[in-house]
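S.K.: sequence first, then the predicted structure, then my questions.
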Amino acid sequence: MRILVTGGAGFIGRWVVKQLLDEGYMISVIDNLSNSSEDNIREFLNLREFRFVRGDILDVGILDKQFKDGCDVVVHLAASINVQDSIDDPITTFRNDVMGTLNVLECCRKWGVPIVYTSTCLVYDRVGGKAIDEGYKTLPRSPYAAAKLSAEEFMVSYGHSYNLPYTILRPFNTYGPYQRFTGEGGVVATFIANALEGKPLTVYGDGNQTRDFLYVEDCARFINLSVFNEDARGKIINAGTGKETDVNKLARLVARDRVEIVHVEHIHPQAEVGRLRCDYSLATRLLGWKPEVAIDEGLDRTEEWMEKHLTLKRNRL
């Protein structure tokens with residue numbers, strides 16, 4: 001069976017592709033490399049089971065050709081992913097995350113292909129200390145979250161209008177090897193990169209905001225378990241660890257007294273979600289999925305990979 005992964009050269013996409021290849025599937029990837037790198041998938045490029053097309057999901061012709069060449073299911077990951085970029089330039093985020101998704105859906109409808117869509121936990125409204133399940137109310141606080149929620153609604157509408165099989169996934173804050181640590185990036189990757197380079201760790205706001213940090217290989221396994229699971233069709237499913245870690249604690253875990261931790265004014269307080277903790281019980285019931293990597297181990301794995309990556313980068317300079 002051939003699986004098309006949009007955004008498959010990205011951080012999460014790279015791990016999705018690796019796990020699917022390890023399970024023996026034929027994989028096609030389309031990625032414009034705007035938020036990713038060919039280096040992420042270089043180890044797969046010579047495999048007979050793998051095909052990479054540098055292209056954009058906004059280009060209907062290139063996208064349609066991937067379906068015509070053979071596709072049994074789509075894992076849709078391609079998106080603009082930066083919250084601050086979406087605040088600065090909401091039009092680009094709308095084009096990529098809504099119009100791009102609509103293009104993918106139209107191809108799925110045309111060729112009769114099921115879709116698994118990776119959304120975000122940021123679609124949820126602010127909450128106190130309770131774990132967030134899939135029934136909790138949504139209230140997007142950034143154009144990025146709004147675009148993701150809009151794309152979810154298009155999934156649902158295509159399911160009803162055209163009987164298109166879909167699954168919507170909402171992973172919580174994912175981190176790990178291959179995450180970008182330039183620009184805004186992920187907070188874990190940015191913290192570790194700064195610590196390795198002897199730079200201060202910058203915490204926005206008071207640092208009391210919490211996140212449910214999900215290791216990337218656990219996230220990829222969650223996505224891949226849903227690909228051919230009929231019980232997951234038409235469902236929205238969360239994935240996280242069920243544990244909160246505040247940003248101050250994360251900074252201390254990474255800094256380990258090696259570097260200073262400094263607090264600065266928040267760059268987008270209006271878009272901040274104060275607390276995030278996942279209820280992943282539905283993922284366990286439907287997919288048999290549970291997180292396996294605790295944050296201490298995940299941070300160690302990520303730092304080990306990043307230290308090697310930064311060393312190689314320095315050696316090339």
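M.R.: Okay, I see it.
S.K.: give me the contacts around the lowest-mean-pLDDT helix or strand in the chain.
M.R.: Every helix and strand of the chain was ranked by mean pLDDT, DSSP states H and E. The lowest is helix 295-316, at a mean of 84. Helix 295-316 is contacted from outside by 175-179, 181, 188-189, 192-193, 195-197, 213, 215, 241, 243, 245, 253-254, 293, using CB atoms under 8 Å, 6 or more residues apart in numbering. C-beta here means a position set from N, CA and C on the backbone, and glycine is covered the same way.
S.K.: the residues you listed in strands, which ones?
M.R.: When the contacts of helix 295-316 are checked against strands (DSSP state E), the matches are Tyr175, Phe213, Tyr215, Thr245.
S.K.: need the residues you listed in TSV (columns: neighbour count, pLDDT and distance to His160).
M.R.: Shown next, in TSV, are the ones in strands among the contacts of helix 295-316 (neighbours: other CB atoms under 10 Å; pLDDT from 0 to 100; distance: CB to CB, whole Å):
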residue	neighbour count	pLDDT	distance to His160
Tyr175	24	96	35
Phe213	26	97	35
Tyr215	25	98	35
Thr245	18	95	38
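S.K.: which pair in those spans the largest distance?
M.R.: Farthest pair in those (CB to CB) is Tyr215 and Thr245. Separation: 12.3 Å.
S.K.: which one is Leu149 nearest to, not counting chain neighbours?
M.R.: Leaving out its chain neighbours, the residue that sits closest to Leu149 by CB to CB, 6 or more residues apart in numbering is Val123, at 4.5 Å.
S.K.: Asp85 now?
M.R.: Thr93 (6.9 Å).
S.K.: for the one you found, what are its contacts?
M.R.: Applying CB under 8 Å, 6+ apart, one finds that Thr93 lies in contact with Ser80, Asp85, Ser86, Pro143, Tyr144, Ala147.
S.K.: for the stretch 51-200 of the chain, give me the ranges with low pLDDT.
M.R.: Residue ranges of the stretch 51-200 of the chain with pLDDT under 70: 182-185.
S.K.: what segments of it are helices?
M.R.: 60-68, 83-88, 90-94, 100-111, 143-162, 187-196 (DSSP state H, counting those that start in this stretch).
S.K.: what separates the residue nearest to Asp85 from Arg180, distance-wise?
M.R.: For Thr93, the distance to Arg180 equals 17 Å [CB to CB, to the nearest Å].
S.K.: give me the neighbour count for the spatially closest residue to Ala147 that is not a sequence neighbour.
M.R.: Once flanking residues are discounted, Ala147 sits nearest to Asp97: 3.7 Å by CB to CB, 6+ apart. Neighbour count for Asp97, taken as other CB atoms under 10 Å: 27.
S.K.: also Arg42?
M.R.: By other CB under 10 Å, the residues close to Arg42 number 11.
S.K.: next one: it from Phe52, what distance?
M.R.: Between Arg42 and Phe52 the computed distance is 10 Å (CB to CB).
S.K.: and the contacts of Thr93 as a markdown table, adding neighbour count?
M.R.: Shown next, in a markdown table, are the contacts of Thr93 (neighbours: other CB atoms under 10 Å):
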| residue | neighbour count |
| --- | --- |
| Ser80 | 22 |
| Asp85 | 18 |
| Ser86 | 25 |
| Pro143 | 23 |
| Tyr144 | 26 |
| Ala147 | 28 |
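S.K.: could you list the buried residues of the least confident helix or strand of the chain?
M.R.: Ile295, Gly298, Leu299, Arg301, Thr302, Glu303, Met306, His309 (16 or more other CB atoms under 10 Å).
S.K.: re the thing from before, what is the nearest of the contacts of Thr93 to Leu201?
M.R.: Nearest to Leu201 among the contacts of Thr93, with distances taken as CB to CB, is Asp85, at 21.9 Å.
S.K.: look up how far Ile91 lies from the closest one.
M.R.: For Asp85, the distance to Ile91 - CB to CB - is 11 Å.
S.K.: do the same with Asn32
M.R.: Distance, Asn32 to Ile91, using CB to CB: 17 Å.
S.K.: do the same with Ile115
M.R.: 25 Å.
S.K.: these two: who's more crowded?
M.R.: Ile115 (24 against 9).
S.K.: please report how far Ile57 lies from Ile30.
M.R.: Ile57 is 7 Å from Ile30, by CB to CB.
S.K.: joint contacts of those two?
M.R.: If you check Ile57 and Ile30 against CB under 8 Å, 6+ apart, the residues they both contact are Thr6, Leu63, Ala78.
S.K.: the last one and Leu33 touch, don't they?
M.R.: Read that as Ala78. No - taking contacts as CB atoms under 8 Å, Ala78 lies outside contact range of Leu33: 10.7 Å.
S.K.: more crowded one of the two?
M.R.: Ala78 (31 against 15).
S.K.: who's in contact with the more buried one?
M.R.: Per CB under 8 Å, 6+ apart, neighbours of Ala78: Thr6, Gly7, Gly10, Gly13, Ile30, Asp31, Asn32, Ile57, Asn96, Gly100, Val104.
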